[in-house]
Every structure is written in structure tokens, then in C-alpha cells.
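> mind folding the following:
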Amino acid sequence: DLHEHSKTIAEIAMGEHIASIAADLLQVDRVRLFQTRTFRKVPSKDKTMEELFNHATYMHRDLFMVPIDTNDFFTFWCPLRNVT
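Reported below is the predicted structural model:
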């Protein structure tokens, strides 16, 4: 879990701002952090760096990646580099 190794990631992931948004969306009083992860796009010989990092993320489901028995689940994505 990244938040155990980075003070900056911990402040973002466990901060009140993200927690309050998640609680509002889930309509609950409080939430718990399950994990923090990083995902990296690996460069391809056929694509330029701009093509790799500047495309839309395709529709997908995160719930199958998490071993918990609930549908009350919130995923927050935060880029760690300038994506504009």
C-alpha cells in the first residue's frame, strides 16, 4: 500500500476531503480505506508516449479486483503526473 510509504499519498488517500466525497456518494456516515495502488502504462514500440498517456480509460469494473463482499465500494483515481 502506497500510503504506508509516502506521506503525500497518505495525506491524499486518508484526507477528510476524499473521505467526505466517498461517504456522500455511498450515503454513509464514514468510510474506511482498503488500499492504495499505482497503475502504470507500459510503453509500447508501436505507440508514442503521447499516445500512451493521452487516451481515454475504457469502461471497466473494479469490484472484481477487490476481495470484499459488498457493492458499497468507491474508487478514486488521482494522476501522479501532469496529464493535460
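
> isn't residue 68 right next to residue 32, touching?
No: with contact defined as CB atoms under 8 Å, residue 68 does not count as touching residue 32 (10.3 Å). Using the backbone N, CA and C atoms, a C-beta is placed for each residue, glycine as well.

> distance of residue 39 relative to residue 73?
Distance, residue 39 to residue 73, by CB to CB, to the nearest Å: 17 Å.

> brain fart, residue 23
Applying CB to CB to residue 23 and residue 73 gives a distance of 13 Å.

> tell me the buried residues in the biggest helix by length in the chain?
Counting residues, the longest helix found in the chain (DSSP state H) is helix 16-26. Neighbour counts over helix 16-26 (16 or more other CB atoms under 10 Å) mark 18-19, 22 as buried.

> would you format these as TSV with distance to residue 11 included?
What follows is those, written out as TSV (distance: CB to CB, whole Å):
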residue	distance to residue 11
18	10
19	12
22	16
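
> and residue 10, which of the three is it?
Using DSSP: H, G, I helix; E, B strand; the rest coil, the structure places residue 10 in helix.

> would you check that it makes contact with residue 18?
No: using CB under 8 Å as the test, residue 10 is too far from residue 18 to be in contact (11.5 Å).

> give me the common contacts of these two.
Residues touching both residue 10 and residue 18 (CB atoms under 8 Å, 6 or more residues apart in numbering): there are none.

> what is the rounded mean pLDDT of the longest helix of the chain?
On average, the pLDDT along helix 16-26 is 92.

> would you map the helices across the chain?
Using DSSP H, the helices assigned to the chain run over residues 7-13, 16-26, 49-53.

> now the last one: average pLDDT?
Mean pLDDT, computed over helix 49-53, is 63.

> go on, the first one?
When pLDDT is averaged over helix 7-13, the result is 89.

> count of residues packed around the residue lying closest to residue 34 once chain neighbours are set aside?
Once flanking residues are discounted, residue 34 sits nearest to residue 66: 6.5 Å by CB to CB, 6 or more residues apart in numbering. Counted by other CB atoms under 10 Å, the residues lying close to residue 66 total 12.

> also residue 31?
Look at residue 31: counted by other CB under 10 Å, it has 18 neighbours.

> on that earlier part again, per-residue pLDDT of the residue nearest to residue 34, please?
For residue 66, the pLDDT comes out at 75.
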